[in-house]
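**Q** Here's a sequence, model it:
(chains A and B)
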Protein chains: 2
Amino acid sequence: MSKSILIKDTYILNPLSPSKVEVFKSSILIEKGVIAGIGDYDYADIVIDGKGKVTLPAFVNCHTHIPMTLFRGVVEGLETMDWLKVVWRIEENLTSNDIYWGALLGCIEQALTGIGVFIDMYFMEDIVAKAATDVGLNIVVSEGIIDINDPSRGEEKIKQTVKYARELPLKYNGKVKVMFAPHSLYGTHRRTLETIAQLSKEFGLKVHIHVAESLRELDFVRRNYGTTPIRALDRLGLLNERTVCAHSFYVDEGEIDLIGRRKASVAHAPVVIMKHGLKEAPVVEYIEKGVLVGLATDGPGSNNNLDFLEEMKVAALLYSYESKNPQKLTVQTVIWMATKAGYDITGFKGGLVREGYPATLTILNFRKPHLTPLHNIPSHIVYAAKGEDVDTLIVNGELIVEKGKLRKVDVEKAMDKVNELYRDLLGRSGFKPRLNGAPVEVKCKQTYM
Amino acid sequence: MSKSILIKDTYILNPLSPSKVEVFKSSILIEKGVIAGIGDYDYADIVIDGKGKVTLPAFVNCHTHIPMTLFRGVVEGLETMDWLKVVWRIEENLTSNDIYWGALLGCIEQALTGIGVFIDMYFMEDIVAKAATDVGLNIVVSEGIIDINDPSRGEEKIKQTVKYARELPLKYNGKVKVMFAPHSLYGTHRRTLETIAQLSKEFGLKVHIHVAESLRELDFVRRNYGTTPIRALDRLGLLNERTVCAHSFYVDEGEIDLIGRRKASVAHAPVVIMKHGLKEAPVVEYIEKGVLVGLATDGPGSNNNLDFLEEMKVAALLYSYESKNPQKLTVQTVIWMATKAGYDITGFKGGLVREGYPATLTILNFRKPHLTPLHNIPSHIVYAAKGEDVDTLIVNGELIVEKGKLRKVDVEKAMDKVNELYRDLLGRSGFKPRLNGAPVEVKCKQTYM
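**A** Next up is the predicted model:
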């Protein structure tokens, strides 16, 4: 941690605003986890040759369920709610061991694709925090609260979140932050949501919630709250500068405006929108209202990989396709979403390669056939680069990925463990894994209604 | 070429039909460029460890303009026709040297992402054929014919295509095939199209044409042919089993049916559809009518990379998004489009890992964090795998890519040459390359109207 690092002669990219990036050539000196200077340096404990490479803030994945690497490819081609039913059945059988190894594998994959910080929502988030910090990533944990039929479960989870908030940031030396995570308006009891609204204000804790993501949700909220999801959230006192809305694509103009006025944020996951046949988010419209829009992979159960470069490309493609206007969502905006906006949403300082900022950086190797000729670096990042181009990941001045390899964890072991745990987990859930398709239900073992 | 190859203990994937793939474990013996057997073999000149790997037919890229690696990132965010204007201006200045190195880099990129065969449409296609075979790929060349204002130019290009058809397949020992390539109904003169229809029948040469790809085209065809593009093609005698229609998404139900009855094929390029804000093709509807639908990256000027795994994922995502039904375009169909359909469109035998078939195979390394846990191989290929997972590419029994590295060409040199030629080409065209955006027009040097 205390070793100094010099990234020598690199292209530096800074997302200055949603519409502007700067690119210039220089060297970056890192000392005590922080960018000590940009300029003409010659010496450090570790020197990284930056020639033909582009250094930018590490990516921020604003919404995922990282232990769900265990669910990669488990179900394909189902409508969101049907998909959830299968997943929930398997989730009932998850152990803390499954969670740890699933999360570790997911963090490995995130690190390899240049993600330095992520917001997670799942169960046993203290274990997820351990996995993330074992890999070396910064994490926002948010313990998912699903208690629609039993608010007492919600009370328990709220206590757990408050406990996490007291303990985890200290335990992990600032690498872990905590948010409340009521799963959704349809999954979390109204009383629980009201309590969270109050505690969020009291403790200054942010709230991370799925909202406006399905037609069934719209229907549920209309029946139970008499309005639309965003407006319901607002009435509950849950729409403000501490709110991170995941997805939020089923919104009308008034709601876009409301999110902007309340200074809430949005985590946008375009691959999953497409895969499940949902609806594009009004990304540009949000940004025009001053909304922080971060980019997200969502969980590896639904995406099915965590390649952030792919996510950036799909973000640009989807908006152009939906709006029929290839000029509206620019590469500059996509890069801002993937970096600066993400830091501001998480509360981790970062998002600029600038003196005094934490050294949380991704270095892309641009000496690749698909990134040649070398010019128009912002366009190449969004439209041509891929996860494999991540050469180096530095988080808080610590080298996490070096020449495309993880430094602190045994990747082979993690893959073996997940393969083994997956088979076992499926067996316990009454499913049988297959090479040539989604797992088959084993009728005789069925325990789920 | 004559060395035998054994792929030992691999998962084998065969696209049996648009709706069915088989996956099983075995070994593959390759002799004299052909799959000599599937089964329990122990010896060959070269043994590839297939453990944790998946072997399937090499991908077929059904429509590209491969020398346009020189145009990667040159213009972003423009509407198709405006984009073309900038590109055309630069194209006026292309030399055969530019074409060769641009094509070589593009073929390198294709090989690295598992493409063994591709259909190209550009100028100086004999040079493109040389680049493709230098890398080791099979190619269908088709010399683009744009002569809307001067049909005499078309006559010349037709002669050139006929000459290519006589010479190139022999010269390159069957690794090169030839098609006619009238650019489009709006770019090619009616008289030229009529001549091509006749010669295509006479020589049995296939015809590769952009059709039904823009609203401006629809308007042009309505004014000049009094009907829609597909129907105009049919009236010209150009819609039959020898026709490869590139894009073809602006079609009505009658036209889908017509393409099916005429047994023409379609090359589908979903990334470019999205990027330019165009219209999804009725992929499933085509396949239901018996149409061969191949997958394509289109040119690296508009995509901007040639990652075929990315193209497969976007194909699935886009159809699900547009149809709002994630079950309609299955992973099985996408794999069939990327492989078997492509071979049948090109006329190269292939598309199955089966005795007697040419050994044109891609081997994916599944021992990766993002492909773990190992199960549901078809889903992992379409939704989780990436170009970097291509471990081996074999074309006609020849090892082209080994452990992710090209064998026959100097990749470093190709990148250097393209960087150098690109700057020079832009200068000659009156543009100035920039690190932080598309090239800037240099007003004083402007030579274009």
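
**Q** list the contacts for the residue nearest the centre of chain A?
**A** Among the residues of chain A, the one closest to the centroid is A:Asn61, at 2.6 Å (Cα atoms, centre = their mean). For A:Asn61, the contacting residues are A:Gln110, A:Ile115, A:Val117, A:Phe118, A:Ile119, A:Leu295, A:Ala296, A:Thr297, A:Leu306, A:Phe308, A:Gly342, by Cβ atoms under 8 Å, 6 or more residues apart in numbering or on different chains. C-beta: built from backbone N, CA, C; applies to glycine.

**Q** chain center to the helix or strand hosting the last one, what's the gap?
**A** Under the criterion of DSSP states H and E, A:Gly342 resides in helix A:340-346. Averaged C-alpha coordinates place helix A:340-346 at 11 Å from its chain's average position (Cα atoms, centre = their mean, to the nearest Å).

**Q** Show me what the helix or strand following it is packed against.
**A** Helices and strands here follow DSSP H and E; after helix A:340-346, the next one along the chain is strand A:361-365. Using 3 or more Cβ pairs under 8 Å, 6 or more residues apart in numbering or on different chains; DSSP states H and E as the contact criterion, the elements in contact with strand A:361-365 are strand A:5-17, strand A:53-57, strand A:390-395.

**Q** Flag every buried residue along the first one.
**A** Put plainly, it is strand A:5-17. In terms of neighbour count (16 or more other Cβ atoms under 10 Å in any protein chain shown), strand A:5-17 has its buried residues at A:Ile5, A:Leu6, A:Ile7, A:Lys8, A:Asp9, A:Thr10, A:Tyr11, A:Ile12, A:Leu13, A:Asn14, A:Pro15.

**Q** The residues you listed: which ones sit near chain B?
**A** Among those, the residues that sit close to chain B (Cβ under 8 Å from any Cβ of the partner chain) are A:Tyr11.

**Q** Go ahead and confirm A:Arg400 touches A:Asp391.
**A** Actually, residue A:400 is Ile. It isn't Arg. No. Using Cβ atoms under 8 Å, A:Ile400 is not in contact with A:Asp391; the gap is 11.8 Å.

**Q** Closest residue of the stretch 101-250 of chain A to chain B?
**A** Of all residues in the stretch 101-250 of chain A, A:Glu109 sits closest to chain B, with a separation of 4.4 Å (Cβ to the nearest Cβ).

**Q** which is the next helix or strand following the helix or strand bottoming out on mean pLDDT in chain A?
**A** Here the helix or strand of chain A ranked lowest by mean pLDDT, DSSP states H and E is helix A:80-91, holding a mean of 81. Sequence-wise, the next helix or strand beyond helix A:80-91 is helix A:96-112, with elements assigned using DSSP H and E.

**Q** So which elements touch whichever helix or strand comes after that following helix?
**A** Stepping forward along the backbone from helix A:96-112, the first helix or strand reached (DSSP H and E) is strand A:115-122. Where contact means 3+ Cβ pairs under 8 Å, 6+ apart, strand A:115-122 is packed against strand A:59-64, helix A:96-112, helix A:125-135, strand A:138-145, helix A:340-346, strand A:390-395.

**Q** and whichever strand or helix holds A:Met312, average pLDDT?
**A** When elements are defined using DSSP H and E, A:Met312 is found to belong to helix A:308-323. Averaging pLDDT along helix A:308-323 gives 98.

**Q** That helix - contacts with which helices or strands?
**A** Other elements packing on helix A:308-323 under the criterion 3+ Cβ pairs under 8 Å, 6+ apart are helix A:270-275, helix A:283-288, strand A:292-295, helix A:331-338, helix B:270-275, helix B:308-323.

**Q** Please tabulate the contacts of A:Asn61 in JSON lines, including the columns neighbour count.
**A** Listed next are those as JSON lines, based on neighbours: other Cβ atoms under 10 Å in any protein chain shown:
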{"residue": "A:Gln110", "neighbour count": "30"}
{"residue": "A:Ile115", "neighbour count": "30"}
{"residue": "A:Val117", "neighbour count": "31"}
{"residue": "A:Phe118", "neighbour count": "28"}
{"residue": "A:Ile119", "neighbour count": "28"}
{"residue": "A:Leu295", "neighbour count": "27"}
{"residue": "A:Ala296", "neighbour count": "32"}
{"residue": "A:Thr297", "neighbour count": "32"}
{"residue": "A:Leu306", "neighbour count": "32"}
{"residue": "A:Phe308", "neighbour count": "27"}
{"residue": "A:Gly342", "neighbour count": "32"}
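
**Q** A:Gly204: neighbouring residues, count only.
**A** Neighbourhood size, A:Gly204 [other Cβ atoms under 10 Å in any protein chain shown]: 10.

**Q** circling back to that earlier point, what's the angle between the helix holding A:Met312 and strand A:361-365?
**A** 90 degrees (axes from the mean of the first three to the mean of the last three Cα atoms, to 10 degrees).

**Q** what about A:Leu215, neighbour count?
**A** Residues contacting A:Leu215 under the criterion other Cβ under 10 Å number 14.

**Q** Return the residues in contact with the residue nearest to it when sequence neighbours are not counted.
**A** Once its chain neighbours are removed from consideration, A:Leu215 has its nearest residue in A:Tyr250; the separation is 7.1 Å (Cβ to Cβ, 6 or more residues apart in numbering or on different chains). A:Tyr250 is in contact with A:Ala212, A:Glu213, A:Ser214, A:Leu215, A:Glu217, A:Leu218, A:Thr228, A:Pro229, A:Lys279, counting by Cβ under 8 Å, 6+ apart.

**Q** Now with 10 Å, please.
**A** Each residue near A:Tyr250 by Cβ atoms under 10 Å, 6 or more residues apart in numbering or on different chains is listed here: A:211-215, A:217-218, A:221, A:228-230, A:278-279, A:281.

**Q** Which ones among the residues you listed lie within helices?
**A** A:Leu215, A:Glu217, A:Leu218, A:Val221, A:Pro229, A:Ile230 (DSSP state H).

**Q** Using the three-state scheme, assign the residue in the stretch 51-200 of chain A that chain B sits nearest to.
**A** With distances taken as Cβ to the nearest Cβ, the stretch 51-200 of chain A approaches chain B most closely at A:Gly73, which sits 3.8 Å away. Secondary structure, DSSP: H, G, I helix; E, B strand; the rest coil: A:Gly73 is coil.

**Q** and what of A:Lys25?
**A** When the structure is split into helix, strand and coil by three-state DSSP, A:Lys25 lands in strand.
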